Every structure is written in structure tokens, then in C-alpha cells.
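Engineer: Structure of the sequence below:
(2 chains)
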Protein chains: 2
Amino acid sequence: MEGHREVTGFEVAIVVPKKREKERDDTADCVEFLVRELKRAGLIVERVYGISDEFIKLAAPIEILGRVAAELQMKKLTYIGIELQFEWDEVSAFVRQPDGSLFSWCERFRCFQHLIYGIVNKTDSDMTLMFDGKEFQFQRNESLLKMMETEGVVKQVFPTHDEVKRKQLLRTWALNWLDFTWQPIDEIYAYFGTKIATYFAFLSMYTRWLFFPAALGLALQLVDIGPLQPLVLPAFFIFVVTWAVFFFQFWKRKNSALLARWGINYTLSEYKAVQIAQSSFSHVHDKCEKRFGDEPIEKKILQRDEWLGLLLRIRNNAIIVLAIICLQLPFELAYAHLYEVTESDVLKYALTAAYLLAIQYYTRIGGKVSVILIKYEKDQGEESSAASLVYKVFGLYFMQSYIGLFYHALSHRNLLTLRQVLIQRLVVSQACCSLHIFLVLENMIENSIPYLKYSYKKYKAFHKKKHEKGSAKMVHLVTRVEKEYLKPSYTASIGEELEDGLFDDFLELALQFGMIMMFACAFPLVFCFATLNNVTEIRADALKLLVMLRRPIPRAAATIGAWLNIFQFLIIMAICTNCVLLICLYDQEGKWRIEPGLAAILIIEHALLLIKFGFSHFVPEEPAWVRANRMRTVAQARDVFSKQLLRSISSIERNHH
Amino acid sequence: MEGHREVTGFEVAIVVPKKREKERDDTADCVEFLVRELKRAGLIVERVYGISDEFIKLAAPIEILGRVAAELQMKKLTYIGIELQFEWDEVSAFVRQPDGSLFSWCERFRCFQHLIYGIVNKTDSDMTLMFDGKEFQFQRNESLLKMMETEGVVKQVFPTHDEVKRKQLLRTWALNWLDFTWQPIDEIYAYFGTKIATYFAFLSMYTRWLFFPAALGLALQLVDIGPLQPLVLPAFFIFVVTWAVFFFQFWKRKNSALLARWGINYTLSEYKAVQIAQSSFSHVHDKCEKRFGDEPIEKKILQRDEWLGLLLRIRNNAIIVLAIICLQLPFELAYAHLYEVTESDVLKYALTAAYLLAIQYYTRIGGKVSVILIKYEKDQGEESSAASLVYKVFGLYFMQSYIGLFYHALSHRNLLTLRQVLIQRLVVSQACCSLHIFLVLENMIENSIPYLKYSYKKYKAFHKKKHEKGSAKMVHLVTRVEKEYLKPSYTASIGEELEDGLFDDFLELALQFGMIMMFACAFPLVFCFATLNNVTEIRADALKLLVMLRRPIPRAAATIGAWLNIFQFLIIMAICTNCVLLICLYDQEGKWRIEPGLAAILIIEHALLLIKFGFSHFVPEEPAWVRANRMRTVAQARDVFSKQLLRSISSIERNHH
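Structural biologist: Below you'll find the predicted structure:
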């Protein structure tokens, strides 16, 4: 088995301060002790001295990770299509990654973490460790790294970039300007894990699909079809809604295909159910095992817990909804109204500044309150809590982003202002994006000039004497890992523990989607802006991840989760708002009698709602070829193993009785 | 293991005509040959001579059925929570039924069928068999029973009632008049299989829930709350829709609990997906195995098949929808209009008679066309075809049942006529039901009078001489199995091969539900009628199954399938129609200005639609205790078996390479 000799790259780094003085006694120094323990655990350690900190870079032979995974009782997919606890001795029973490695990046990182936090004081007595003259008590069965973190000796543990793969991705992906929407999903998956790969798969598919309504919107803007002109907007509206419904159904199919590609042997809906079930199960399991063996009592308690949890969730949602309606709505309306009424430009700017400041605080407080509320909803596990947070925070942003637009659209019936506001917002967002890319590129060029100089020097030095090259490389390495440490990490602006930076990216995407969908009738050209925006966004996000930020901590989610529901909700909202817009539009222009027009629009609305909810019955979420593949591998494997499995099950079952 | 000595009752009977003359040579007689072969296959045979036919009743030791199940490669749930092919030698690995038996009735019947149709000519040459002087060629590898069926010697193969269990069910269930809505679901499941048990579970839960709106409807009819009276109907409407939404979500939970009780280790949505996947998989499997080993080509072909199937389905649905709109709608409207216009009573009766006759033919033709169309949708497997048929035929009946009511409700805005029609329909249905029960009971009493006479005679005979008792019992047995043969079977009025009698029962239920929901605002009292109707219906259906009909062929479906979607659709329809009714009602009475009222009703409508589609996100389909149980058993078992399983998987995997 060639796999046994596999070694991971240096993927995790521990940051400790540089020692000011050379310790006399190395054995009591806690950093030296940590390094010794890490080496004893089987890790490959490389120590790098930066300007003010020391970096302990870690790699591991695959066998060490495998033993940790077995210790963690990690569940992994086997060839018979069910997930079983990992065992190093039976490694050939487990399905490998598409690129041939045994563990995905997410699993590797989990193992690393478990391994380094699992170094405990196994001796019978407390130990005394030193650092820079300070003494620490290392108590029995205490985690060494936790102790050092609380004492401030270990500043951080973070995943590091793999320079070779990063450069390769930069070349083939972020700086690949030829095909705008193509993404090397497999490589992104291998390097960043499922969650980020799913985001980019979604973003690229969304951008590609956006070309259709963008082209139609542009055509509508340019061409006048004469007597049928009043029918153009309703037709565009119907087209856009159908487009959105199709898009999300096909996204689900794409996501199913991705799951299959990443060795997750579930359908989309099963995957969701399993995520929730697993996290809540462990909780329930602990609770019940301790107290009861009696089924009816257990059932009663579980039922009570379920309904209490539901009530709690309803209460929390009610709090958020009330806060949004009673606090945010009047505030937003007041701003929109004042902005409209104010005539002096100076006052307008002052107003906007005050508004932006207030809204900043408001969203931050809202986010904090949401996180606190969610902590009470304890029964649900991480995945479901994250979804809950997403809904709540999206509620805040939804109000904030659209209420002004609604105000323009509905109470003033002023289409021109609405259009102006729409353009303004999209242009600002586009400008942000472009500026972002520009800054990143500038940053890269600035960085590469000294690198080029250095390369030139190295080239010359190489021809002079050999030992200089070694030390030069050392200096280069130091700067790289330290630079990475100084980069910001990929965190959400809200609730760091539950979500990563993808939250902000998805939020931006959802708000944009809502804007273009809900006001599609007001301004069809808006789709062009959105397309342009997204093409830029893809590159900006790729550069952000590869150049600007530290390597993000991998997360296991392999769907877009709660955001899918939010997008679906926005489609429904779009159906309603566009109908209202159409009514206002025609009502104002006085081109028809109200009654038949109203009836027609109501019929269109109901037909579209029917399409929205009926379409998913027609096109299944899982493509037939994915299903066939999944079923075949499982069925074949099970048929082969069937007898052996049965023998072992029945023998154990016999022993039980 | 006590299970090895289990024997089933006499559950299947084969009907052959009585021989007119005693055959000289018994070895060539095909009935004798059949009986010998059946005995050789291990079955227990009892031959009963009726008046004109002979009945071969079959029972089987469980071991024989087990071997057949293994031959059938039947999948059964094992203790590790996955389904594996049944193997008789490893019987202890498989989960048993709640009542302790190894196979459910559905599985037993499948085994019986496979066994008796699996008797083939295994000799090297054709055989010549005789019956009543006629000679038949029994070719090599031909199924004996199929040959005899085509030659008309075997008239029928049907499942027979188990007299002990039937009597018990009759006593505890059908004739248990004390608790109207309680059903012994477990016994019904054991005797009739999952599909019928699901129907009765649904019916009883529906009836219980109906008491709430019935009580409220009655209260509304009796109490006048003065100035708030105009708000009563909208309030009732909101209540009824919320009630329906709650009911169906809780029905899903109940169904999940039932699945768990019946040893089906899936959630509701997984179960649905698995049903479709399994049936379509076998088709795809056959197709692909033969022709390709190449994945990309296979994927292409699967994709093409999927989209062709989809287009075919859309075309078929379009045909049905067009047929309904272009043929049925004008016809129904013409009838409704003519009925309204006609003044003479005689003409009205003639019109109704002509209409009923025409509609009979129309539905029959519609059903036939649907069945033909569905046969073209070949890729889908039986479960999905049945669902497709249900949708199509329901479309026909929907038009037929409601278009007259809509006509009254909308074009005439005549609430009184509408109410009359509603009452009329429900009373007719109620009368049918009651008449049905009455006839069954009369039938039973008529039957039991001779039985009582006979018992008395037997009692007297018992005291006279012993041998008379034996022959008397013989006569009694003859009459019973022959009577059963003469009873009608439980078939649908439409498409016998795809659906059984439950189709008609569900259709009746769905039409009633649609009627009470869609016209809830027109006449709240209608819920009382429906409740009364359903209480009667439960008893009528139970008596029908136990007394009037042959034992139905068991079917595997364990959910209400397509009907759930139809009920959901009816709720949405109800939201829309009630809004239109309310608008008409208030518009006619002139109590408000149209604009704010219209806006209010539209807002109510959208809020209710939101509740309808949002509620399922709040209350999960699977109760927490069911999930916990399911997860725990699986997790425990897997943890226990984990190592052994892994060893066998990896050893086979190693041998593969």
C-alpha cells in the first residue's frame, strides 16, 4: 500500500513569542517541552523564527492522522455505502478522496487539532514549566496547549497555506482571466474544503445563468416593439420568475452531483436531515442513557423537549421579528422620508452619515442579540444553529436594504427615483468590488517587486557561493509564515463562532438577488449590472482567499444550507412585489381600467406561485445518473458483502441473547 | 430458535373446476400433478371440494418461505439498520415483525406467489397432462400454473381470510361501537398489510381532528355575536386553513411513527425517494450493464433518458389537462346551466339522468386513457406510475365534482343554492354509507341465522354420535372458502393493475375534503356533516373489508402517497376559493367599499399561503422520539459490529485489487 508512506504538508502552525534570553535549562522550557511532545506524538516539526514570534509548523505522516481519526471515532464512508468508525488497520475498507488521499482537508485539520490539544500531562504529579523566566503549573490530565493558551504563551494555532498549491490555484483560478465563470471546483475542494467549494460552485453557476435575463433586459432596453410595449414588463416578469425557479432547481441538481463527487453518499434532502439528526442525536443520547431504560418515559421526555424547543424557537423568532418591525422599520422609514423631504445637499449628506452610523450599531447589536438568543436553542447542533442565525440576521439586513426601495416604489410611485437608487446601489457595490481587486493586485505587484529583486540576488549568489543560498531561503521562509500570521482571518462580521467569512459573501449575494428580482419590473437593465458585478466578485473573492487572508478553517457543510431557503423566499417576495409594482405602474399611467387588469395580475401571481411550488415535483433534485451511480456502487458492494455481513451480524446477535 | 417451527395459516387458495369424471390414470391428471408438485415444494396442501369448484388451500412452514425469500433476493432490514438480501441461514440477523413473526403478510404473499408460479417442468422433455379428458402440452421450463391459467384449468389464485383472525378483528374493530374513532392499527397491519393500515390510521386521525372545526361550525350556526358578525366568516376561514395545515403536518409525524412501528427504517421523505429510486434503478441497471462500461457515455444516456421521460410526462399531463378543459369543462358548465334554466321537474330529472350516464362513460374513458398514457412512462416503477394515475384521474373527478359548485358559487353568487347543493351531496353520501352498513349487517344477520341453526344442530349431533360432527364441519368449511371465492375482490373502479380498492376510498375522502374546505365560508355547518359521514365511513369500510370482500392482495406502500399532495393542493385551492367567496359575499351585500376590503382579503390570502408553506419548516416531519429511537438502534448496532464489518469489507476489497 503506497498510502502508508503519505505525508501531509506543513498545514498547521503554532505561534509562540520569541524568547528574549537563552534559557539555561532546556528541559523545563515549555516551548521546548511542547516541541518534544509534538515530536513524540509522531508529528514532523519545523521551527521558524520570525521577527517577533516563533512559529512551530506541523506536518504529519498519514498513519499518525489515521490513528487519531480512530481515536476520534470519526465516521467515514466505506465501500458498502454506509459510514463506519474509522479504523487504521482496515484502511482499505474506506473510500478515498477524488485526488487519492485518505482524508479530506477538513478531516485532516480536525485530526491535527485533536492531536495537538490532546497532549496532556500523563505523569502522576504536576509539573513546573518555564517560559521567559515565568513559571507555570502544568497540572495532571490538563491539556498542554490549552494551558499555554490561557497563560498567553501560545498566541494562536492556525492552518497555513500550502505554498505550492496556493501558487497553482492562483495561476489556474484567481488569475485565469480567460474564462470568467469557470472554476476548478475539485482543486478548490481539495484546498479549502466543501463549504468554500460549494460557494464558488454556486457563484459561478449563478453568474452563468444570469447572462440570460441580462441579455433579455438589455434587449428590452434597446428595442421598442411598438403596440405590444405595455405587455413587455409583465412578460419579462414572468420570464424572470420562471428563470429563478429553474435556476434553483438546477442548482439543487448540481449540488447533488457535487455531493456525489465528494464522496458524500446522501441525497440532498437526506444530507440535510442527517446533519440535523446527528447533532441532535448525540445530545439526546447522552441525556437518555444516563437516566432511563424505560421507553414510554423516554418518549414522553423527548416529546416534551421537542415542544419546549419549538416554543423557545418561536419566542426567539417573535422577538427578532418584533424588534425589526417596531424598532428598525420606523427608523428606516423616517430616514427614507427625511431624505426625500430634505432639500439641502449638505443636510442630506449629514443625514446619510448619521444613518449609516446608527445602522452600523443597530446591526451589530442585532447580531449579538441573535447569537445570544440562539445559544438558548441548545437542542439543535451546530448546523441548525448556524441556519437559525442566518435567518435572523438576514431579517435585519433585508429590512435595512429594501425598506428604502419599497418606500420609493410604493408610497411615491416614482419609478425614476427607484431606478436611480437601484443603479446607485449596484454601482457602489461594483466599485467596491473593482477597488478590491485593484488593491489586491497592487499589493501583489508590490510584493513581487522585492521578490523579483530577491530572486535576482539569489541567482547571482548561487553563482558565487553555495552557503549563502541556504540562509537567504531561510529569511524568505520566515517572512512568508509570519506574513500569513499577520493577515486577517476569514471571519464573519457577525457571530464568529457560528459562521465564517462566507456569511458576508452569501449575504451580499442574497441582497443583490433580492434587489434584482424584487424590482425586476421597475428596471430590467439591472440584471446586466448584477452580471458584471458577479463576474468581478468571483475574481475578488478568489484573490481575497488566496492572497489577502489566512487560510480559512475548513468547515464540513456541503450545501448552501439556510441560504437556499432565503433565496426561495426572495423569489416568492419577488412575485408579490412585482405584481404590486405592475399594478402601481399601470394604475399611474391610467392605461387600463382597474378591474380586468387587477384580475389579470392576480391570475399571473397565482400561476407563478403555482409554478414556484409545483416545478420541484416535475424535475427531481437528484439527476438520474448521480442516483444510478450511487445506487449501483452501493448495491454491488452490498451484494458482494451480503453473506459475510449477515454472518457477522447474526453471530453477534446470537451472542447477545 | 422457536421460529423454525412456525407455520403460516392457510392463506392462499387455488381454484380449479371440479372434475366431472373420475380419471383412470391419476399421474397424468394435471390437478393431481399440481398438488404433488406443491407438496414436493414443501407446502402444506388442503383440498376442499365446493359445489362447482375445487379449492386447493395452501399453507407453508416458515422455513420454506424463507428459502423462497432468499431465492427472490428479498431485501430485509437487519439489526445494523441497512437492508440486506435475505438468507435463511442467517435468519437471526433480520429484524422481526412487531407480532414476532419473521415475514409480514405482504412478504409472505410475495413468497407464496413466487413459489407456486415457480413450479416449472424441469425434465428434459415436454410432458402431456390431462384434465377432464383434454390434453395439454407442458413444455420445458414453462410455469405450470401459468400454463393451467391460460388453458382455463386454474380459475384463480387468491389470498384467503384467516377465519380466527377475521372473527377477532370483526369483534374488536368493525363491530366495536363504543369508541368511534379508535382503530387497532397493529392488528390491521398484521392482517391486511401496510397500505390498508395506513388508510385506516389516516381516516381515524382525520375524523378525530374534524371534531374541532365541526364544533366551531356548529357554534357559529347557533350563536350570533352581534356587531362582529361580518368578521365571523373570515375568522372561520383562517381557522379552518390553519387547522388543515396543522393536521397534515401532524399526519406526517404520525406516519413517521407508523413507519418506525412497522420496521421501516427510513424517514418519510427518504422512504418516498427510496421507493422511486429502487424501482427506476433496476430498470437503469439492466440497461446499462448490458451495453456500457464507459462512464461518460452512460451518464449521457441516463441524462437523455431522464429528459425524454420528463418530456413524455409533460406531454401526457398536457393531454389530460387539455381533455379536461376542452371536453369536460364545457360539458359540466352546460349541464349546470341547463339545470338552472330548466323549470319543469320532469325535464330536470331527465337531464340529470342523461348527465349521470354521460359522466359515467366519460370517467371510464378518461381512466382508460390515463392508464394507457402511463404505460408509456415506463422508466418510473410501479409506485410512481400509481401516483401518476392518481393525479390524472383525480383531475377528472375534481372537475366533475366541483365545477357545478363553482358555477353556483361564482357566476350566480347565490349562496343559498350553493348551500343546498352542498347539503344535498353530503346527505347523499351519508345515506350511501349508512345504507351500506345496513346492508352488510343485514347480510351478516341473514348469514348468522343459518349458522346459529347449524350450531344448534352440531351441538345436538355432538351428543348423538361423533363421526357426524366431522362431516358437518367439512360442509361448513366448503361453504366458507367457496363463499369467499364468490365475493367480489377489492379492486379500484379504474386501472385494476395499478391500484386497489383504496383508490376509491381515498378519492371519496379527497372529494369530501375538497368540498368542505373550498366552500367552508359558504356554509360552516358542512364540517358537522362531514364528521358524521366519516364516523360512518370508518365502520362501513371495516365491514366491507372483513365481511363483504375477499381478502385484498397486500401492497407494500406505507404512506398515503400521491393523495398527500392532492390534499395539500386542495388546501391551496381552498385558500383561493374562500377568498373569492368572501369577496363575492361582501360585494353582493354591499357592506363595504371594495378597495380596503379587497386589500384585506388579499393580505389574508398571502398570509395563509405563507403559513401553508412556512409551517413545515417549524415542525419537523419526524417526531424527535422516533428519530432518537431510529438513530440509537442503528448507532448502537453499528458500533458493536463496526470492527467485524470493516474486517470483512477490507478483506474483500483487498481481494478485489
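
Engineer: For A:T242, report the pLDDT, please.
Structural biologist: Per-residue confidence at A:T242 stands at 93 (pLDDT).

Engineer: Isn't it up against A:G614?
Structural biologist: No. Under the contact definition of CB atoms under 8 Å, A:T242 does not touch A:G614, with a separation of 11.8 Å. C-beta here means a position set from N, CA and C on the backbone, and glycine is covered the same way.

Engineer: Any stretches of the stretch 1-150 of chain A with poor pLDDT?
Structural biologist: Low-confidence segments of the stretch 1-150 of chain A (pLDDT under 70): A:1-5, A:20-27, A:80.

Engineer: Contacts only, for the spatially most central residue of chain A.
Structural biologist: With distances taken as CA atoms, centre = their mean, chain A has A:L502 as the residue nearest its mean C-alpha position (3.7 Å). Contacts here follow CB atoms under 8 Å, 6 or more residues apart in numbering or on different chains; on that basis A:L502 touches A:K195, A:I196, A:Y199, A:A492.

Engineer: From what I see, the last one and A:D505 are in contact.
Structural biologist: No. Using CB under 8 Å, A:A492 is not in contact with A:D505, being 9.4 Å away.

Engineer: what residues are up against A:M548?
Structural biologist: Here A:M548 is in contact with A:V440, A:N443, A:K487, A:P488 (CB under 8 Å, 6+ apart).

Engineer: If you tally nearby residues, what's the number for the residue nearest to A:K19 when sequence neighbours are not counted?
Structural biologist: With CB to CB, 6 or more residues apart in numbering or on different chains as the criterion, A:K19 has its nearest non-adjacent residue at 6.0 Å, and that residue is A:D132. Residues contacting A:D132 under the criterion other CB atoms under 10 Å in any protein chain shown number 14.

Engineer: State the phi and psi torsions of A:D132.
Structural biologist: Taking degrees, to the nearest 10, you get phi 50, psi 40 for the backbone angles of A:D132.

Engineer: A:E11 now?
Structural biologist: phi -110, psi -10.

Engineer: pretty sure it is in contact with A:L65, am I right?
Structural biologist: No. With contacts defined as CB under 8 Å, A:E11 does not count as touching A:L65, sitting 10.5 Å away.

Engineer: who has more neighbours, those two?
Structural biologist: When A:E11 and A:L65 are compared for neighbours, A:L65 comes out ahead with 26 against 18, by other CB under 10 Å.

Engineer: how close does A:N316 sit to chain B?
Structural biologist: In this structure, A:N316 and chain B are 12 Å apart, going by CB to the nearest CB, to the nearest Å.

Engineer: what's near enough to touch A:S489?
Structural biologist: A:F158, A:L549, A:R550, A:P552.

Engineer: Could you tell me the end-to-end distance of stretch A:137-153?
Structural biologist: Distance between the boundary residues of stretch A:137-153 (CA to CA, to the nearest Å) amounts to 13 Å.

Engineer: partners of whichever strand or helix holds A:V15, with directions?
Structural biologist: Here A:V15 is covered by strand A:12-17, with elements defined by DSSP states H and E. Its sheet considered, strand A:12-17 pairs with strand A:53-59 (antiparallel), strand A:156-159 (antiparallel) by DSSP bridges.

Engineer: average pLDDT for the shortest one?
Structural biologist: To tie it back to what came earlier, the one meant is strand A:156-159. The average pLDDT within strand A:156-159 is 88.

Engineer: mean confidence score for stretch A:308-320?
Structural biologist: For stretch A:308-320, mean pLDDT rounds to 86.

Engineer: if we look at it, which residues are touching it?
Structural biologist: By CB under 8 Å, 6+ apart, the residues outside stretch A:308-320 that reach it are A:366, A:369-370, A:373-374, A:376-377, A:379-380, A:388, A:391-392, A:395-396, B:618-619.

Engineer: now the residue nearest to A:K19: how far from chain B?
Structural biologist: Taken as CB to the nearest CB, the spacing of A:D132 relative to chain B amounts to 47 Å.

Engineer: isn't that residue right next to A:K18, touching?
Structural biologist: No. Here A:D132 lies out of contact with A:K18, judged by CB under 8 Å, at a distance of 9.4 Å.

Engineer: from memory A:I264 sits against A:A557, does it?
Structural biologist: No. Using CB under 8 Å, A:I264 and A:A557 do not qualify as a contacting pair, with a distance of 10.8 Å.

Engineer: and A:R551, how far is that from chain B?
Structural biologist: In this structure, A:R551 and chain B are 33 Å apart, going by CB to the nearest CB.

Engineer: repeat for A:T194
Structural biologist: Counting by CB to the nearest CB, the separation of A:T194 from chain B is 22 Å.

Engineer: now that residue, nearest residue through space, not along the chain?
Structural biologist: Closest residue to A:T194 apart from its sequence neighbours, by CB to CB, 6+ apart: A:A558 at 4.1 Å.

Engineer: Also A:W182?
Structural biologist: Computed as CB to CB, 6+ apart, the closest residue to A:W182 that is not its neighbour in sequence is A:S204, at 6.9 Å.

Engineer: pretty sure the one you found contacts A:I538?
Structural biologist: Yes. With contact defined as CB under 8 Å, A:S204 reaches A:I538; the gap is 6.4 Å.

Engineer: which residues do those two both contact?
Structural biologist: A:T181, A:Q183.

Engineer: And the residue of the stretch 101-250 of chain A closest to chain B?
Structural biologist: The nearest approach of the stretch 101-250 of chain A to chain B comes at A:Q249, 11.8 Å away (CB to the nearest CB).

Engineer: So what's the residue count around that residue?
Structural biologist: Counted with other CB under 10 Å, residues neighbouring A:Q249 total 16.

Engineer: Make sure it is actually in contact with A:H617.
Structural biologist: No. At 10.3 Å, A:Q249 does not count as touching A:H617 under the criterion of CB under 8 Å.
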